[in-house]
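Undergrad: Need coordinates for the following:
(chains A and B)
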Amino acid sequence: MSHDQIMRQIVPYFAGELENSTKREIQSHIDSCDACRMAFESFERVWRRLDEMPEEKPSEKLTEKFNAMLAGYQHGAREARHPGALPAWKSLAAKPALRLGFAVALLVIGFVLGVTVTSASTHARVARLADELDDMRQEVMFSMLKQPSSADRLQAVSYSSLVGPRDDVREALQRTLETDPSTNVRLAALRALRPFATDVRLRRHVIDSFSQQKSPLVQVEIVDFIRQTETRPAELLGALEQNENIHRAVRQHIKWTIGTLRGDTIIKENQNERMHY
Amino acid sequence: MRECTIKIFAALLLFIIVGHAENVDSLVVAFSNPSQSGTVKAEMIAGSIIVKTHSGRDVIILSKENANVQRLAVPVMNFDVPLAPDVSDEWKSKPDAEKIKGLQKIQSSRFGINVEERDNIIEINMPPMSFVNPSGNELELIVPRQTSLHLKTVTGGVTIENVNGEIEVEALGGGITMHNVGGAIVAHTMGNIEATIAHVATDKPMSFSTFGGDIDVALPSHVKANLKLKSHGDIYTDFDTSKRKISKSKTENKKDDGYEATLEQLTEIPLNGGGQDIEFTNFTGNIYIRKLTKSD
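TA: Take a look at the predicted model:
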């Protein structure tokens, strides 16, 4: 089945109108096709919300009126000697007054249902669109991170801030920090990882990548990253300082940073300093 | 016919070059699709790279070695204009006379540049033997103005003039100098970066980084960009910085071990309403961002 055919089956699929064989076919397709699976999943969410929605009940008065009308009709019908009474709706259609009453009732029910369903599905649709946009950006980001041009990979890294703090984005940035051939791209990746710094695993990854970094500039940035994100940076920096292979200037920077943390150095922090990465 | 013209042109060029400077060897390489802008990639271990432009559509590769003539052995691939004269016995490595006394030479090592053209990308590979001559190698590339560059050298510097395209440079041992360039630039060095950028690509970010040097970049005054600056040194600019996001946090060193640094955060400055990111990162040097003036 093509994607289009699959998409056309999406409503019958959830409505349970499909043959088992067709269902299996769709199931196996969406298992292997990310795009269709995502479409199905987001549709499923909408579908579930529809199910969860309380059924609209006509107000008591309406029911009373309707019952009264029905009773009146039944009475009249009996009087008119129609023993094998017509189905209720047909008889309704035959009586103009009742018809009007029922039409009003339907209109009210339809309106109430309509408003509720529309707002719920609009919500779901907006959420789905936002999700899809994120997915799309993420796809773009991942494919651009594989480009041979550093400018493209830099762009991919800056895209990451638009995708949002997802795990797979964090992993992609981590990989970039560890393996990208361009120093500039690695620097940008480290900056883009700042919003993830609340995650201790991420911070460990960054620290672990320190010794693998070929560029002392990236190492200096990692030192600054540790100082700004760790609760006890001095200990971690002390361990890095033991690394024998680091550039003299990097070691000096670590020592100096530890000094500032111990309070040996006077730091005049700007009062309204806020980080916006 | 076209091939013939190229050959004549190249031969003439070779004549001119060889005739005037004996220590230069040259190659002319054509892009497979000259109507589209191509890419030149060059990687060197030892030596510097200079890139200039010409109005032609080919790429001229000149290899110089101090005062000594260095013949090129050129294994040619996808490239039908072999121009460099054959490796002659004129050039040989000059071994210590004492060392080779009484010995017979049975194999000769040669310097050679390997040039490959594929999908409009010209790739220039210097041989590992260019290690031998750490100071003297100089690769000069004369390219069409619209060309993308991907250059890397470990011990030398890189100079680029008038090129417009995606420019990616790594010069670990020397500085990077760019004059009147345009496009999207990604540059990293351990030394200074000096650049006058006449045209900034609006669809791609730029990034400049150095560990031990200054960054001095002139941008068009009307450029729409978002500057991101991180330096442990000072930052100077004549652009409007009123929209700058983060201010400095300065640090003074109480101890007298002679080491001073500032705790510097990332500073963001949107220029003319903002645009693509242009990142500047250095450690020990200063950053200067200037408005491009006509005299540049």
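
Undergrad: Correct me if wrong, but residue A:68 is in a helix.
TA: Yes - judged by DSSP: H, G, I helix; E, B strand; the rest coil, residue A:68 forms part of a helix.

Undergrad: Could you pull up the residues touching it?
TA: Under the criterion of C-beta atoms under 8 Å, 6 or more residues apart in numbering or on different chains, residue A:68 has no contact partners. C-beta: built from backbone N, CA, C; applies to glycine.

Undergrad: ranges for the helices of the stretch 101-250 of chain A?
TA: Along the stretch 101-250 of chain A, the stretches classed as helices by DSSP state H, counting those that start in this stretch are A:150-163, A:167-179, A:183-192, A:200-209, A:216-229, A:233-241, A:248-262.

Undergrad: same for the fourth one, what does it pack against?
TA: Secondary-structure packing of helix A:200-209 (3 or more C-beta pairs under 8 Å, 6 or more residues apart in numbering or on different chains; DSSP states H and E): helix A:167-179, helix A:216-229.

Undergrad: Next, the residue of the stretch 101-250 of chain B found nearest chain A: phi, psi?
TA: Nearest residue of the stretch 101-250 of chain B to chain A, counting by C-beta to the nearest C-beta: residue B:207, 3.7 Å away. Reported as degrees, to the nearest 10, the phi and psi values for residue B:207 are phi -150, psi 130.

Undergrad: what's across from it in the sheet?
TA: residue B:186, residue B:279 (DSSP bridges).

Undergrad: Hmm, it is touching residue B:282, no?
TA: No - using C-beta atoms under 8 Å, residue B:207 makes no contact with residue B:282, being 11.7 Å away.

Undergrad: Point out the most buried one among the helices of the stretch 101-250 of chain A.
TA: Ranked by mean neighbour count, these are led by helix A:183-192 with a mean of 25 (mean count of other C-beta atoms under 10 Å in any protein chain shown).

Undergrad: now that one and helix A:167-179, what's the angle there?
TA: Inter-element angle recorded for helix A:183-192 and helix A:167-179: 140 degrees (by axes from the mean of the first three to the mean of the last three C-alpha atoms, to 10 degrees).

Undergrad: Next, the angle from helix A:183-192 to helix A:200-209.
TA: Using the same axes, to 10 degrees: helix A:183-192 against helix A:200-209 is 150 degrees.

Undergrad: Pull helix A:183-192 out as PDB, backbone CA atoms only.
TA: Taking Å, rounded to 0.1, in the frame of the first residue of the first chain, the C-alpha atoms of helix A:183-192 are listed here in PDB:
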ATOM      1  CA  THR A 183      36.300  23.100  16.100                       C
ATOM      2  CA  ASN A 184      33.700  25.900  15.400                       C
ATOM      3  CA  VAL A 185      30.900  23.300  15.100                       C
ATOM      4  CA  ARG A 186      31.900  21.600  18.400                       C
ATOM      5  CA  LEU A 187      32.000  25.000  20.200                       C
ATOM      6  CA  ALA A 188      28.500  25.700  18.900                       C
ATOM      7  CA  ALA A 189      27.300  22.300  20.000                       C
ATOM      8  CA  LEU A 190      28.600  22.800  23.500                       C
ATOM      9  CA  ARG A 191      26.700  26.100  23.700                       C
ATOM     10  CA  ALA A 192      23.500  24.500  22.300                       C
END
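
Undergrad: ok, now which ones touch residue A:227?
TA: Shown in contact with residue A:227 (C-beta under 8 Å, 6+ apart): A:233, A:237, A:257, A:260, A:261.
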